[in-house]
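1. Got a predicted structure here, sequence first:
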Amino acid sequence: MLIQSENPATGEVVKRFTPHTDEQVDTKIAKSHAAYQILRKWSFEARATCMRRAANILRAEAEALGAIVTLEMGKTFKSAIGEVKKCAVGADFYADTAQAHMADEVIESGATKSYRAYHPIGPVLAVMPWNYPIWQVVRFAAPALMAGNTGLLKHASNVPQCALYIEDVFNRAGFPDGAFQTLLIAGSKVERVLRHEQVRAATLTGSEAAGGSVASICGQEIMPTVLELGGSDPFIVMPSADIDKAVSVGVIARNQNNGQSCIAGKRFIVHADIYDAFKAKFVANIESLTIGDPADPKTDIGPLVNQSSLKEISEQVQSAVKDGATLLTGGTIIDGPGYYFKPGVLENIPKGSKAFHEEIFGPVAALYKVGSLDEAIELGNDSPFGLSSSIWTNEATEIDQAIREIEAGATFVNSMTASDPRLPFGGIKRSGYGRELSAEGIRAFCNVKTVSIA
Ligand code: NAP
């Protein structure tokens, strides 16, 4: 893939980048290792001072960086600013909590003293996607740097300006030279980095194909990995729910980030008693969304990221219809410059068809009618993915059952899924393994050292 910024709103390539050579990459890895020898010895206070500075830079430059995000991947400018500000919150969170998350934990064992200690492990490679091009990186980098690890970023090839900007933020914040570096390389060059003896761990957010490849190389290299992959989250609505709220939040959940979010509610599983009412309001609400220039504050939905994504989403809709699904609205490419797609709603997707099991990584909702919560959970779990889930009900027994029985990394009750630095984030099944954020996010790349003093 070419490393370049292509504006999805116009299709115009605005900047091209020369990839780093193997020699340049080796120099950066050596620098990362050298920076690790420094950062691991810094106090938590010293790391936190730099991390708070990074947070302040992100807050102060939210508009400038937000504009680059919008230019490179097409999300609305207002949501891009929101993303950058959220990164500042995430950076502050780890500045405030890293020391407590990594504090020694005494364990009585009969020794004079025995305890669990958390130590950094070295340079970590982060392979990241374009959809939340700043947040995905900061949610890895903030805990990594606060733990005393160093970061090497291989960002998606279409967001190089975002990648270089983040590197610059951590440099300006005062971290040791080389503590956080961007590698401008293609996916095909990732293996070479993973096989480098000074690289100690990897985290990947992206597709199953990329995750499987990175995980198998890391398996051979005996390296820890965290994988954050795709999702097809169920959004279950029961009769006792506030239907209007479930509709309005459901429309946001499915169409946020121009429909390109891993934790979007994608399968709307609605009880038969309220199905028709939900469907009518849901479709009307989707038809009222404003599609257009992502820089315009009135826009709800901007373009998809690129031409191939536009083609793929359109083909997924057509294939679902061919297999027997009904297209209730939208689901078509909008003519003209830019990669615009009319948000769609499908129903009656036959079990066993491709669309039933695939993730649709674009603004297309799938509606399903069920007769009971048991049926809703069974349908929700009938997916290769298990990232997150959302249940809408005011019955306590239904809430308990959903929390216990839905197979997913998270269940949100009467709200949509959202990542929060205070809460662990990650999936099961083909959505990946390991957790980011919260205590788990910083401990993921730590040596949990057993200490026993006779
Ligand atoms: P992708 O193609 O897998 O790209 C993600 C990253 O992996 C990019 O940096 C890409 O580089 C790199 N890459 C691609 N193939 C690779 C390979 N064989 N070896 C090493 N690196 C490789 O993912 P995408 O299609 O852009 O992103 C959408 C997917 O990400 C969706 O499935 C979505 O659900 C998932 N996602 C998951 C989460 C989560 O937290 N669970 C969050 C966001 C997105 P290039 O750009 O150079 O190809």
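-> Nice, thanks for sending it over.
2. Please verify my assumption that residue 142 contacts residue 90.
-> Yes: look at residue 142 against residue 90 with C-beta atoms under 8 Å: they come within range, at 5.4 Å. For the C-beta atoms, the positions are set from N, CA and C on the backbone; glycine is no exception.
3. anything in contact with each of these two?
-> Both residue 142 and residue 90 are contacted by residue 421, under the criterion C-beta atoms under 8 Å, 6 or more residues apart in numbering.
4. which bits of the stretch 201-350 of the chain sit near the ligand?
-> Within the stretch 201-350 of the chain, the positions near the ligand by C-beta under 6 Å from any ligand atom are 205-207, 210, 213-214, 228-231, 262.
5. Which among these count as buried?
-> Burial by neighbour count, judged by 16 or more other C-beta atoms under 10 Å, picks out 205-206, 210, 213-214, 228-231, 262 from those.
6. Among these, which lie within helices?
-> Using DSSP state H, 210, 213-214 are the members of these that sit in helices.
7. okay, now residue 439: neighbour count?
-> 17 (other C-beta atoms under 10 Å).
8. Tell me which residues touch residue 164, please.
-> By C-beta under 8 Å, 6+ apart, the residues touching residue 164 are residue 182.
9. and with 10 Å instead?
-> By C-beta atoms under 10 Å, 6 or more residues apart in numbering, the residues touching residue 164 are 17, 68, 153, 155, 182, 184.
10. same thing with residue 27?
-> 20-21, 178, 181.
11. Emit the PyMOL select command for whichever of these are buried.
-> Burial among these is assessed by 16+ other C-beta under 10 Å; the matching PyMOL selection reads:
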select buried, resi 20+178+181
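12. if we can go back for a sec, Serialize the residues of the stretch 201-350 of the chain next to the ligand to a markdown table and add fields for pLDDT and distance to residue 448.
-> Formatted as a markdown table, these follow (pLDDT from 0 to 100; distance: C-beta to C-beta, whole Å):
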| residue | pLDDT | distance to residue 448 |
| --- | --- | --- |
| 205 | 98 | 23 |
| 206 | 98 | 27 |
| 207 | 97 | 30 |
| 210 | 98 | 28 |
| 213 | 98 | 27 |
| 214 | 98 | 23 |
| 228 | 98 | 21 |
| 229 | 98 | 25 |
| 230 | 97 | 29 |
| 231 | 98 | 28 |
| 262 | 97 | 28 |
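13. Out of these, name the ones that lie in strands.
-> Here DSSP state E is the test, and those give 205, 228 as lying in strands.
14. Need the residues of the stretch 201-350 of the chain next to the ligand in TSV (columns: distance to residue 221).
-> Compiled in TSV, those are given as follows (distance: C-beta to C-beta, whole Å):
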residue	distance to residue 221
205	20
206	19
207	21
210	17
213	13
214	10
228	20
229	20
230	24
231	27
262	26
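15. ok, of the residues of the stretch 201-350 of the chain next to the ligand, which one's closest to residue 194?
-> The closest of those to residue 194 turns out to be residue 214 (C-beta to C-beta; 6.8 Å).
16. looking at it, that closest one is touching residue 199, isn't it?
-> No: contact criterion C-beta atoms under 10 Å: residue 214 and residue 199 do not qualify, at 11.6 Å.
17. Quick check: the residue of the stretch 101-250 of the chain nearest the ligand.
-> The ligand sits closest to residue 206 of the stretch 101-250 of the chain, with a gap of 2.7 Å, by C-beta to the nearest ligand atom.
18. ok, so what distance separates residue 65 from the ligand?
-> Distance of residue 65 to the ligand, computed by C-beta to the nearest ligand atom, to the nearest Å: 19 Å.
19. how about the buried ones among the residues of the stretch 201-350 of the chain next to the ligand in JSON lines, adding distance to residue 188?
-> Shown next, in JSON lines, are these (distance: C-beta to C-beta, whole Å):
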{"residue": "205", "distance to residue 188": "18"}
{"residue": "206", "distance to residue 188": "14"}
{"residue": "210", "distance to residue 188": "11"}
{"residue": "213", "distance to residue 188": "10"}
{"residue": "214", "distance to residue 188": "12"}
{"residue": "228", "distance to residue 188": "21"}
{"residue": "229", "distance to residue 188": "19"}
{"residue": "230", "distance to residue 188": "21"}
{"residue": "231", "distance to residue 188": "26"}
{"residue": "262", "distance to residue 188": "23"}
